[in-house]
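**Student:** Please work out how this folds:
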Amino acid sequence: MSDHSLPPDADLPQAGAVRVRKAAFAFILITVLLDVASLGIVIPVWPALITGFTHSAVGAGWWVGLSGTVWAVMQFFCQPIAGALSDRFGRRPVILASNLGTGLDYLVMAFSPTLWFLLIGRVISGVTSASIATAFAYIADVTEPQKRAARFGLLGAVFGLGFMLGPALGGFLGDARHAIPIPGTDWAIQGGPRVPFMVAGAFSLLNFLYGWLVLPESLTKTRRDRFNWARANPLGSFQLLRSHADLLPLASIQLMAQFGHYVLQTVFTLYAFARYGFGPKEIGLTLLVIGLCAMVVQGALVGPIVKALGERRAIVLGLFCGSVGFAIYGLAPSWQIFAIGIPIMSLWGIAGPSTQAMMSKRVAPTEQGKLQGANQGLQSVAGIFAPALYGSLYAIFNDQLKGLGLPGFPFFVAGGFLLTGLIVQVII
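**Tutor:** This next block holds a predicted model:
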């Protein structure tokens, strides 16, 4: 396979241009696809697995929130380190180590005998899931600044595809009402909430093997930076944000968006089960539709919309559509009304790539890994508090405050976070 010279960044001399394989961008997209699919495949069954231990939907709400918070705490400590390590040693080894650890951890969780064992698995998962942050830095390495919004949008489309295929497959595998035939044999695997964890582990290990064989390094030694513990520690990683005053408003928008995003990960499955009677199969199909809409928006619409409106207005449009979508989700008395909110909500996907692109233009090429580490740190900050918040709200409004008739209250709170981010973008 032939190589070619990457067009240099606007602020880099020609001598600093990176040489990568022509298919490097495709490689990283496939890597992220497998990684996200392995995350998405367990979404439809994670609450069901926990409910099998708690025997209570309200108790599951508390435990789902706690497990999400534990996972985010570990990410908060480990993602900045991963970003700094990728700036020092390259993107490839960080991605490979992450995928290997994640694959082994899914297999551990698949055979967990207790809730506490599952919680330990989530701790390990938080430590090892660093490849997504490094993937964003990889894209920044191989893309000219003026094209990064569209590339980040395409990466977002791959996220959508992964979360489309993963949950659909997870819902099918997690349905205990049928057996899953093994092609070419007379054997079959009985579906159930543990089966998707086994498949997710296989996906992550396949991802590791794929990366080991074909993923090229994107960061040459001349563009690598010293490893600095001051920036690699959870709070030190935010020094980059503090050192660039124009990054702070954009960082706050990222933080609000992440607070909003966690409602889907935390309570959607429990909400759809309780309000619409959905099982793993129906939840997987719903997430498939959500992922398809997200893929269309981020893969086909981000570039033209950003070109027409500019990055700032695209952020406002995306956050507004997201807040409207959350309102529909929380109010919908039937799944048909809920479905109306899906295409509206999908337009939220315009905001993320536009924010990422604006932030990436404000730092040097040698700081792209630290920037993505800081962004993932912001996600982890939201993840520390948001799952516990939404899990608690779900439990409270479906137990003590059930009479108020607001089972979708967590979605209203999520919409409020997006509106806060929209206000910040308007006034800066």
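**Student:** Output the below-cut-off pLDDT ranges for the stretch 51-200 of the chain.
**Tutor:** With pLDDT under 70 as the threshold, the stretch 51-200 of the chain has low-confidence stretches at 57-58, 130-133, 160, 176-180, 182-186, 188-189, 191.
**Student:** Now do the helices in the stretch 101-250 of the chain.
**Tutor:** According to DSSP state H, counting those that start in this stretch, the stretch 101-250 of the chain carries its helices in the segments 115-128, 131-141, 148-174, 195-214, 229-232, 239-243, 247-276.
**Student:** what sits up against the first one?
**Tutor:** So the one you mean is helix 115-128. Contacts with helix 115-128, where a contact means Cβ atoms under 8 Å, 6 or more residues apart in numbering, come from 49-50, 53-54, 63, 66-67, 70-75, 78, 97-98, 100-102, 105-106, 108-109, 112. All C-beta spots, glycine's among them, are computed from the backbone N, C-alpha and C.
**Student:** hang on, isn't residue 263 packed against residue 413?
**Tutor:** Yes: here residue 263 lies in contact with residue 413, judged by Cβ atoms under 8 Å, at a distance of 7.3 Å.
**Student:** where do the contact lists of these two overlap?
**Tutor:** Counting by Cβ under 8 Å, 6+ apart, the contacts common to residue 263 and residue 413 are residue 390.
**Student:** what's the closest of the helices of the stretch 101-250 of the chain to residue 33?
**Tutor:** Among the helices of the stretch 101-250 of the chain, the nearest to residue 33 by Cβ to Cβ is helix 148-174 (5.1 Å).
**Student:** angle of the closest one against helix 195-214?
**Tutor:** 140 degrees (axes from the mean of the first three to the mean of the last three Cα atoms, to 10 degrees).
**Student:** Please name every helix or strand in contact with helix 148-174.
**Tutor:** helix 24-40, helix 131-141, helix 195-214, helix 280-296, helix 302-309, helix 351-360 (3 or more Cβ pairs under 8 Å, 6 or more residues apart in numbering; DSSP states H and E).
**Student:** Export the ones you listed to CSV and append columns for distance to residue 248.
**Tutor:** Output for the helices and strands packed on helix 148-174, formatted as CSV (distance: least, Cβ to Cβ, whole Å):
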stretch, distance to residue 248
helix 24-40, 28
helix 131-141, 19
helix 195-214, 34
helix 280-296, 28
helix 302-309, 22
helix 351-360, 10
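**Student:** closest to residue 318 out of the ones you listed?
**Tutor:** Short answer: helix 351-360, nearest of the helices and strands packed on helix 148-174 by Cβ to Cβ, at 2.9 Å.
**Student:** For the closest one, give me every contacting residue.
**Tutor:** Under the criterion Cβ under 8 Å, 6+ apart, external residues in contact with helix 351-360 comprise 136, 140, 145, 148-150, 152-153, 155-156, 247, 250-251, 253-254, 257, 298, 302, 306, 311-312, 314-315, 317-319, 322, 368, 371, 375, 421.
**Student:** what's the first-to-last distance across stretch 136-145?
**Tutor:** Using Cα to Cα, to the nearest Å, one end of stretch 136-145 lies 13 Å from the other.
**Student:** Determine how far it lies from the middle of the whole chain.
**Tutor:** Centroid displacement of stretch 136-145 relative to its chain, using Cα atoms, centre = their mean, to the nearest Å, is 18 Å.
**Student:** residues of that stretch that come out buried?
**Tutor:** 136-143 (16 or more other Cβ atoms under 10 Å).
**Student:** which of the helices of the stretch 101-250 of the chain sits most buried?
**Tutor:** Here the criterion is mean neighbour count by mean count of other Cβ atoms under 10 Å, and of the helices of the stretch 101-250 of the chain the winner is helix 131-141, at a mean of 27.
**Student:** ok now that one, how far from the chain's centre?
**Tutor:** 13 Å.
**Student:** what's the angle from that helix to helix 24-40?
**Tutor:** 160 degrees.
**Student:** In terms of secondary structure, what does helix 131-141 contact?
**Tutor:** Packing contacts for helix 131-141, counted by 3+ Cβ pairs under 8 Å, 6+ apart, involve helix 24-40, helix 57-89, helix 91-110, helix 148-174, helix 368-397.
**Student:** Take these and lay them out in a markdown table including distance to residue 274.
**Tutor:** Formatted as a markdown table, these follow (distance: least, Cβ to Cβ, whole Å):
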| stretch | distance to residue 274 |
| --- | --- |
| helix 24-40 | 21 |
| helix 57-89 | 6 |
| helix 91-110 | 24 |
| helix 148-174 | 17 |
| helix 368-397 | 9 |
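**Student:** Check the offset of stretch 119-134 from the chain's centre.
**Tutor:** On the basis of Cα atoms, centre = their mean, the separation between the geometric centre of stretch 119-134 and that of its chain is 12 Å.
**Student:** And for stretch 104-124?
**Tutor:** On the basis of Cα atoms, centre = their mean, the separation between the geometric centre of stretch 104-124 and that of its chain is 20 Å.
**Student:** cool, stretch 69-84 as well?
**Tutor:** 13 Å.
**Student:** cool, and stretch 77-97?
**Tutor:** For stretch 77-97 - counting by Cα atoms, centre = their mean - the centre lies 17 Å from the chain centre.
**Student:** Restrict that stretch to CA atoms and write it as PDB.
**Tutor:** As requested, C-alpha coordinates have been extracted for stretch 77-97 and formatted as PDB (Å, rounded to 0.1, in the frame of the first residue of the first chain):
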ATOM      1  CA  PHE A  77      -8.500  10.100  36.100                       C
ATOM      2  CA  CYS A  78      -7.300   8.000  33.100                       C
ATOM      3  CA  GLN A  79      -8.400   9.800  29.900                       C
ATOM      4  CA  PRO A  80      -6.100  12.800  30.400                       C
ATOM      5  CA  ILE A  81      -3.200  10.400  31.000                       C
ATOM      6  CA  ALA A  82      -4.100   8.600  27.800                       C
ATOM      7  CA  GLY A  83      -4.200  11.900  25.900                       C
ATOM      8  CA  ALA A  84      -0.800  13.000  27.200                       C
ATOM      9  CA  LEU A  85       0.700   9.500  26.500                       C
ATOM     10  CA  SER A  86      -0.500   9.600  23.000                       C
ATOM     11  CA  ASP A  87       1.200  13.000  22.500                       C
ATOM     12  CA  ARG A  88       4.400  11.500  23.800                       C
ATOM     13  CA  PHE A  89       4.500   7.900  22.400                       C
ATOM     14  CA  GLY A  90       2.000   8.100  19.500                       C
ATOM     15  CA  ARG A  91      -1.700   7.300  19.000                       C
ATOM     16  CA  ARG A  92      -1.300   3.700  18.000                       C
ATOM     17  CA  PRO A  93      -0.100   2.100  21.200                       C
ATOM     18  CA  VAL A  94      -2.700   3.900  23.300                       C
ATOM     19  CA  ILE A  95      -5.500   2.700  21.000                       C
ATOM     20  CA  LEU A  96      -4.200  -0.900  21.000                       C
ATOM     21  CA  ALA A  97      -3.800  -1.100  24.800                       C
END
